[in-house]
Structure formats: structure tokens, C-alpha cells
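Q: The sequence isn't on hand, but the structure is:
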Ligand code: HEM
């Protein structure tokens, strides 16, 4: 019996392996030999990929040189990669620039899925983004207050509210990361961030043809080295300052209990991360003899960059889009302001405790995130060969999940291109927590956004304050229909033009 069954089993396994190898790739445009589809490189944006999806479907394949690229554009395909097979689809693709600038993926956002990422994520979620870290929430409130005061000084004149919002979120994240100690270096730090952002997105032939890496010019290498040196110089100084301050606080408080010391000092993110810091000359995070994770300076620098990249443009662009959509929809603007009048009244400013009652405002923010997800394409990479819907997906394929196209999928949304916040008032309307795959502005599953609560809080606070304190009009008698609603594509997709508006004060009390 065994002699009969064993060859049969082996034959079955060989057949299965063979047939799996022979599965086709998902459909996609025909490419040329060697370069594949590199002729349509310029289509790798949320809009370009959404156009191609209309022709090739919710899962299509592009061959970019040696690289397999899969575009995911429908809720069911998103569920497949973010939930059903998420352990295979949760790595991050890292090009030459990303690898070098993140100290060899020593952060959380670019680390591949695995034990190291899991530890980093635990530290970030529990120590940096937790609601318990009251300082981040306080910095949102204080910075929003100071923005409202700045707008107040310019009432009845044109205000570039878009610029102010980007400055607002830069201030919030910078303060949350470094505390108020080092506010002065902010401009220098922003320049470093901009250079990182350009280098992350720079075209590099070796990403598509690894054997052509030798072509990478010395100029590019020098730019990479210079950018990392600037960051090293900047954050090392801040880390040293924090270490000195921690030591001097300890010396000054020798007689007090550790609990008293903790509550007295306002902690920023660098302080939180320094609690896991080790001076030992380790290349990357490691465990000490008590099995406690230890971070190196490189880990701390890379995590701070994650926070700056993750928390600045995303939030600013979402707030700017919501205001722009409301300027185009006076009826919805009126509804939100009426709600603010009823819940808060015109004799005081908005308090945190009001936010839970601002139902229509929340619908406006959801509708904005549906139409303009701040990160329109999520980039993942497959850890091993897999199969979706009978198609072959090779290991190390680049997966582009098109949240922008998914939020506008006509099979999932009625009248998908129309800004209609009241769709979220209906019973059973989707939520963005990650289990409704037609609405995933914060992603879903393992790699979903760990800063969602903080991001939402900053959005709700800013929009509620701006709409409660001021009436808004477009400048120079501009018609709502003339407002430019184009976006620019990068790591995020903000409005192409900053929004300029004319505010008039609306309350009966001083700011
Ligand atoms: C409106 C605000 C925000 C939106 C819409 C947003 C959206 C997202 C999305 C879509 C992802 C990637 C999901 C994926 O790859 O599958 C992500 C990841 C991430 N976000 Fe956010 N985000 C926001 C605010 C924030 C804030 C305020 C922070 C930090 C202060 C933050 C930090 C991060 C980090 C570190 C990651 C990487 C997580 C990982 O790879 O494990 N985000 N976010």
C-alpha cells in the first residue's frame, strides 16, 4: 500500500509545484523585451494606475525592468493583500536611497515585517503615539490656538491658509519629537527633510536593473552621504542635549523619588526613545542581558524621521482638502457651522469635549479622506511567492495599493466623485478603522497607520476651530467652481495650489 501511495504523493507534489510555476501573472499592458513596461513609468501615480485599472482590472501586473509591480485598485483585492494574505504582503520595498537614508531600514516605517519591526512598532505605539502621551495632544491644542490667533490678525484680508496649515503640522510634529528645547533649528531640519524626500523619490536605474548599479553617478552618492551627514549632525546635537538634560535633572533631583521626577519634566519623543538607548556600539537595535530591547542612535534618528514624514504632510493636506471641499460646497459649510453654533455656541471657543458631538464635522473629514487620501498609494513588497485569484505573484514584487482609486470605486460607492459628507450619516456607513476595505485612508492590518488617533485629533481640532471662529470666503469674488482641485503626486498628494481665503471673525468672545 505504502509503495503504491508514496510515488503517487510525490507525483502530486511535483504536479502542484509545476502547475503553480506555470500560473500566469495578472493581466496588464504588453511590454517590450528587457525593459518591459518602463515606457509607461509616468503612469505610476494614483491617477495613472486608476486609469489602467479600468482597462486591466482590480489586480494588474506591470514589468518594470527586473521588477514585478502589482497594482491593487478594488476593495476585494485590497482585502486579499491587507488581510487574507497580509503576512506575505507586509514587507516594504526599499530602493538604494531609502536603504541608505533609513540607516539600513533601522526605523519602523521602512523596516520589513518581522521581529525587529514588531518591537519597533510596539515602542512607537506604546510610547510615542499613545493617547497617554499627553504632551503630543497638548502640542496640537497649543499650536492650533496660536494658528487661530495668527488668522485673527489677518481678518478681512487674503490669508494663505494652506501655508499656515503646513506650518501648523510641522510645528506640532517638531514639538512632539524634540520638545520646546530646540525650536530654533526647525528651518534647518525642514530643509534636511525636503532633501530626504527628493532622494527617496529620485529615479535610479539600479532599482529596476540591479546589475546597472555601477551607473549610479558619484553625484548621487555624494548627495546621499551629505543628506545623512546633515541629519546626523542635527539629531546628534539634540540627542546629546537631551542626555545632558536628563543627567542634570537626575543630579538636581537626587533626593526626590523617581515618580516625582517623571511627572515634573515634560517628555518629548527623544526622551521617550532615550529610555531604550544604549551607548554600546551596536549596529542596530539589540537585546541586553535582561532581554530588554535597546535602541542605537541610528534607530532613534530613523524613528524620528518616520514621525516627521508620517505626521506632517498627511495631516496638513487632509485639513487643506477639507476646507477646499467646503469652499466648493457652501451648503455643507453652512451645516458644519450651524452644528458648531448649536453644540459650542458663539460665546466660547471649541473644547476637546465638544469633538464627540460634532457629527457632521466628522462626516466632512471622512468624506475628505475618501476623496483625497493623504497617502494615495501604499507601497508594500511580497516576502515570498504567492497566488491571488489564480494569478502568480512572485517574491519581492512591489505592491501598490491604490487607496485613491478604491475610495472612488463605482461598485463600492454611489456617485463616487461627488463630495457628499451625508453619505456617512447612513446606518452601516463604512468606517476607516481598517475592516471596511472600500475606505482605507489609514491602511488596514499590520502596516496600518499607528498615528491615526493623533492625526484625527489634529484634523478635528484644526477644522473645528477654523470653522467655528471664522466665516470664510474666496478672494477677489472668485466662484467656488473656479477653485483648482488638482493634486501633486509624491509620498502624499496635497493640493497643487495652496488655498487662499478671506476670513471674518464670527464669535462674540475674544480669541
Ligand atoms: C490624516 C493623517 C494620516 C493619514 C491619512 C495616515 C495614513 C497612513 C497610511 C495609509 C499608512 C501606510 C499604510 C500601509 O502602508 O499599508 C501610514 C503609515 C504610517 N503612519 Fe500614518 N497617517 C496619518 C497620520 C500619521 C501621524 C500623525 C503619524 C505620526 C505622528 C503617522 C505615522 C505613520 C507611520 C510611522 C507609519 C508606518 C507604519 C508601519 O510601516 O508600520 N501617521 N499612515
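A: Received, thanks. As the structure is a prediction and not an experimental result, all values here were calculated from the model.
Q: and residue 472, that one's in a helix?
A: No: under DSSP: H, G, I helix; E, B strand; the rest coil, residue 472 sits outside any helix and is assigned strand.
Q: Apart from its chain neighbours, what residue comes closest to it?
A: Spatial nearest neighbour of residue 472, excluding adjacent residues (C-beta to C-beta, 6 or more residues apart in numbering): residue 501 at 5.0 Å. The C-beta positions use only the backbone N, C-alpha and C, and glycine is treated the same way.
Q: name the element the one you found belongs to?
A: Secondary structure from DSSP states H and E places residue 501 in strand 500-505.
Q: Which positions within that strand qualify as buried?
A: Within strand 500-505, the residues that qualify as buried are 501-503, counting by 16 or more other C-beta atoms under 10 Å.
Q: With distance to the ligand as added columns, please give the residues you listed in a markdown table.
A: Converted to a markdown table, the buried residues of strand 500-505 look like this (distance: C-beta to the nearest ligand atom, whole Å):
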| residue | distance to the ligand |
| --- | --- |
| 501 | 21 |
| 502 | 26 |
| 503 | 23 |
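Q: circling back to that earlier point, summarise which helices and strands the strand holding residue 501 is packed against.
A: strand 159-160, helix 161-178, strand 470-473 (3 or more C-beta pairs under 8 Å, 6 or more residues apart in numbering; DSSP states H and E).
Q: Contacts only, for the nearest residue to residue 276 once chain neighbours are set aside.
A: Closest residue in space to residue 276, ignoring its immediate chain neighbours: residue 295 at 4.5 Å, by C-beta to C-beta, 6+ apart. Going by C-beta atoms under 8 Å, 6 or more residues apart in numbering, residue 295 touches 123, 273, 276-278, 285, 303.
Q: neighbour-wise, which of these leads?
A: Highest neighbour count within those: residue 303, with 25 neighbours (other C-beta atoms under 10 Å).
Q: I'd like the distance from the helix or strand hosting that one to the chain centre, please.
A: Assigned by DSSP H and E, residue 303 falls within helix 297-311. Remark: helix 297-311 is offset 13 Å from the chain centroid, using C-alpha atoms, centre = their mean, to the nearest Å.
Q: Quick one: list the elements packing against the next helix-or-strand element following that helix.
A: Moving toward the C-terminus from helix 297-311, the next helix or strand (DSSP H and E) is helix 313-328. Counting contacts by 3+ C-beta pairs under 8 Å, 6+ apart, helix 313-328 is packed against helix 161-178, helix 330-343, helix 359-371, helix 452-469, strand 470-473.
Q: show me what contacts the residue in the stretch 151-300 of the chain positioned nearest to the ligand?
A: With C-beta to the nearest ligand atom, the shortest gap between the stretch 151-300 of the chain and the ligand falls at residue 173, namely 6.1 Å. By C-beta under 8 Å, 6+ apart, the contact list for residue 173 reads 307-308, 311-312.
Q: Would you format these as a markdown table with pLDDT and neighbour count included?
A: Converted to a markdown table, the contacts of residue 173 look like this (pLDDT from 0 to 100; neighbours: other C-beta atoms under 10 Å):
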| residue | pLDDT | neighbour count |
| --- | --- | --- |
| 307 | 91 | 24 |
| 308 | 90 | 21 |
| 311 | 91 | 25 |
| 312 | 93 | 21 |
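Q: which of those are close to the ligand?
A: Residues of the contacts of residue 173 in contact with the ligand (C-beta under 6 Å from any ligand atom): 307, 311.
Q: ok so, going back, helices - which of the contacts of residue 295 land there?
A: 123, 273, 303 (DSSP state H).
Q: need the residues you listed in TSV with pLDDT and distance to residue 57, can you?
A: What follows is the ones in helices among the contacts of residue 295, written out as TSV (pLDDT from 0 to 100; distance: C-beta to C-beta, whole Å):
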residue	pLDDT	distance to residue 57
123	90	40
273	93	44
303	93	38
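Q: Now the residue nearest to residue 329 when sequence neighbours are not counted: phi and psi?
A: Of all residues not flanking residue 329 in the chain, residue 419 sits nearest, at 5.6 Å (C-beta to C-beta, 6+ apart). Main-chain dihedrals, residue 419, degrees, to the nearest 10: phi -80, psi 110.
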